[in-house]
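need a structure here:
(4 chains)
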Number of protein chains: 2
Amino acid sequence: MIIFSIFVTTIILKTVLEPQLPKFESVFSIDCVIFGFEEGVLKILLIERNDPPYKDWWALPGYFVENNESIEDAAERILYSFTGLRDIFLEQFYTFGDVDRHPQGRLITVAYYAMIRLNGKKDLKPSSPYVKKAFWYPISDLPKLAFDHTQIFEKSLQKIRRKISYQPIAFELLPEKFTLTQLQNVYEAILNKKLDKRNFRKKMLNYGILKELDEKQQGVSYRAATYYKFDRRKYNRLFQKELSFMKEN
Amino acid sequence: MIIFSIFVTTIILKTVLEPQLPKFESVFSIDCVIFGFEEGVLKILLIERNDPPYKDWWALPGYFVENNESIEDAAERILYSFTGLRDIFLEQFYTFGDVDRHPQGRLITVAYYAMIRLNGKKDLKPSSPYVKKAFWYPISDLPKLAFDHTQIFEKSLQKIRRKISYQPIAFELLPEKFTLTQLQNVYEAILNKKLDKRNFRKKMLNYGILKELDEKQQGVSYRAATYYKFDRRKYNRLFQKELSFMKEN
DNA sequence: TCGCTTAGTGTAGCACATACACCTTATATT
DNA sequence: AATATAAGGTGTATGTGCTACACTAAGCGA
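Alright, predicted model coming up:
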């Protein structure tokens, strides 16, 4: 109660004592690197721009942030308007602001990456009028991008490569139920190298964060693989204190 | 040569074909969390504000970015104007932009952290007119901070805790020559836990990135410790491919 | 020379990473 | 029915690095 009073008093004092100050008008944007995984290949979502500058170029989805919305909200809003998806793993990773990154003057952009499940939902109908079309590009085969978007993409890749080694982000790219081989493929695609099957399985199962399902693959012309799912409850229990290479002592 | 021609042509085409577009006017700031290490204690540099809003409050050093300077340059310039130091390890770690973080309207701020050597250089004479004074605060005993600066500080601490486990940032806080105990103290201060002396030394020396000097401590009233220095050349040679918990395979 | 204070050292057990090859299961083909 | 094909699934031996743990060495001051 006392603490609350002090808090309120502080606000009142500040309001009373500080003269009226001019209001800021900020202009800045967000850009998203949206990763998806399809047919064993890691892809990102690109859009073809409908307006200058860089009209007709491929670019990362991104747009201006409204004055009354938080950056997070803007990222979610824009992502939603491109994919129709919500509740996505979305993380800010860097802010780009080179003086000449935009022809219309210094425009800084806050970059996010997202991981989404492409459960066959391939029909992307962008609603933004400034987008001509949207397309999933394999990261190994990207076109030349508008602005500094190639640089932004590369930074995002660096970030998820590091992140995947201590956070369960790979699961975000897969369906609820997945096989160990699929999981391994995600790791291989992100890390861009082959992993040993036996060691990978041993390690993953050892973590104790996967739940084996009774279900198996259907309709494949070879031995059917067992499905697993990510056990977020167990993960949270085990890794509240986060992994760190500096262990206990 | 052909590639260069294509490049030039692209620029010319873009310039000719795109209509004149309005210029942006961005307003945004940077804030720095500047870490220093003194008397075995991890500290950050705070300033007392001389102007509203939050006049007389303690805050992180930070200011507006000029329209024609890169964010990095701004961070370096502002850091220099507070400490007189250059060529500092300086890294962007997050951008804060809550709608209500600043009373004068949405103002986003790009946050950097820096590590500096306090070789006895304690006489900080801030040159900025908007700064009343500057002071090194132990991180365990910070005052209430202006804006969302407490939140910014906490995020910076998270980041360096993670970073210290895979990058040689601890050395940035120490003088050129340091003892292993001093190094351990830095780790302990950042990670906020005690480490085992023998294991710490074994591990550090095993990395092979420290160079033992002939020199020893002077004028201490106990057994003098050997000085070491960080061998950046060796470090670069060894860790170009970066550590990663997912090793070879 | 004794006491205080910090520097400096080794070993045994354990957990985890690596390297590596074959059998199993399901379907499709003949 | 037999065979080919394709991926699923499994174990072991070795090495490396992390952990836990306690005493002696050196330098100085009283």
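
neighbouring contacts of stretch A:88-100?
A:31-32, A:71-72, A:75-76, A:79, A:106-116, A:148, A:151-152, A:155-156, A:159, A:169, A:172, B:65, B:67-71, B:92, B:94-95, B:110 (C-beta atoms under 8 Å, 6 or more residues apart in numbering or on different chains). Yep, even glycine has a C-beta here, placed from its N, CA and C like the rest.

how about a cut-off of 7 Å?
Residues from elsewhere that reach stretch A:88-100 (C-beta atoms under 7 Å, 6 or more residues apart in numbering or on different chains): A:75-76, A:79, A:106, A:108-116, A:148, A:152, A:155-156, A:159, A:169, A:172, B:68-71, B:92, B:94-95, B:110.

Quick check: the spatially most central residue of chain A vs A:Leu195, distance?
Nearest residue to the geometric centre of chain A (C-alpha atoms, centre = their mean): A:Ala114, 1.5 Å. For A:Ala114, the distance to A:Leu195 equals 24 Å [C-beta to C-beta, to the nearest Å].

for A:Lys194, what are its contacts?
By C-beta under 7 Å, 6+ apart, the contact set of A:Lys194 is A:Glu188.

That one and B:Ile34: what is the separation?
Distance check for A:Lys194 against B:Ile34: by C-beta to C-beta, it reads 43 Å.

Quickly list the domain ranges of chain A.
A:29-163, A:170-238 (automatic domain parsing).

Could you work out the end-to-end span of the shortest one for me?
Same thing as domain A:170-238. The straight-line separation of the ends of domain A:170-238 (C-alpha to C-alpha, to the nearest Å) is 18 Å.

near DNA strand C, anything from it?
Yes: judged by C-beta under 7 Å from any atom of the strand, domain A:170-238 comes into contact with DNA strand C through A:196-199, A:202-203, A:206, A:219-224.

which one of the residues you listed sits closest to chain B?
A:Asp196 (4.7 Å; C-beta to the nearest C-beta).

Helix or strand: which one has A:Pro143?
Using DSSP states H and E, A:Pro143 sits within no helix or strand.

which residues touch the residue nearest to it when sequence neighbours are not counted?
Sequence neighbours aside, A:Trp58 is the residue nearest to A:Pro143 in space, at 4.7 Å (criterion: C-beta to C-beta, 6 or more residues apart in numbering or on different chains). Applying C-beta under 7 Å, 6+ apart to A:Trp58 gives the contacts A:46, A:48, A:143, A:145-146.

per-residue confidence for A:Trp58?
pLDDT recorded at A:Trp58 is 97.

on that earlier part again, please narrow the contacts of stretch A:88-100 to those residing in helices.
A:75-76, A:79, A:152, A:155-156, A:159, B:71 (DSSP state H).

Out of those residues, which one has the weakest pLDDT?
Model confidence across the ones in helices among the contacts of stretch A:88-100 bottoms out at A:Leu79, which has 84.

That one - how many residues pack around it?
Using other C-beta atoms under 10 Å in any protein chain shown, A:Leu79 is surrounded by 23 other residues.

Can you name the residues of chain A that neighbour DNA strand C?
Listed as neighbours of DNA strand C in chain A under the rule C-beta under 7 Å from any atom of the strand: A:196-199, A:202-203, A:206, A:219-224.

wait, which of the residues you listed is closest to B:Ser165?
A:Lys203 (19.5 Å; C-beta to C-beta).

pLDDT value on the closest one, please?
pLDDT, A:Lys203: 94.

which non-adjacent residue is nearest A:Glu215?
Per C-beta to C-beta, 6+ apart, closest to A:Glu215 is A:Tyr227, 4.7 Å.

Run the chain-centre distance for the helix or strand where that neighbour lies.
Under the criterion of DSSP H and E, A:Tyr227 resides in strand A:226-230. Relative to its chain's centre, strand A:226-230 lies at 23 Å (C-alpha atoms, centre = their mean, to the nearest Å).

what do you get for stretch A:40-49?
The answer for stretch A:40-49 is 13 Å, by C-alpha atoms, centre = their mean.

Would you mind listing the buried residues in that stretch?
A:42-49 (16 or more other C-beta atoms under 10 Å in any protein chain shown).

Lovely, talk soon.
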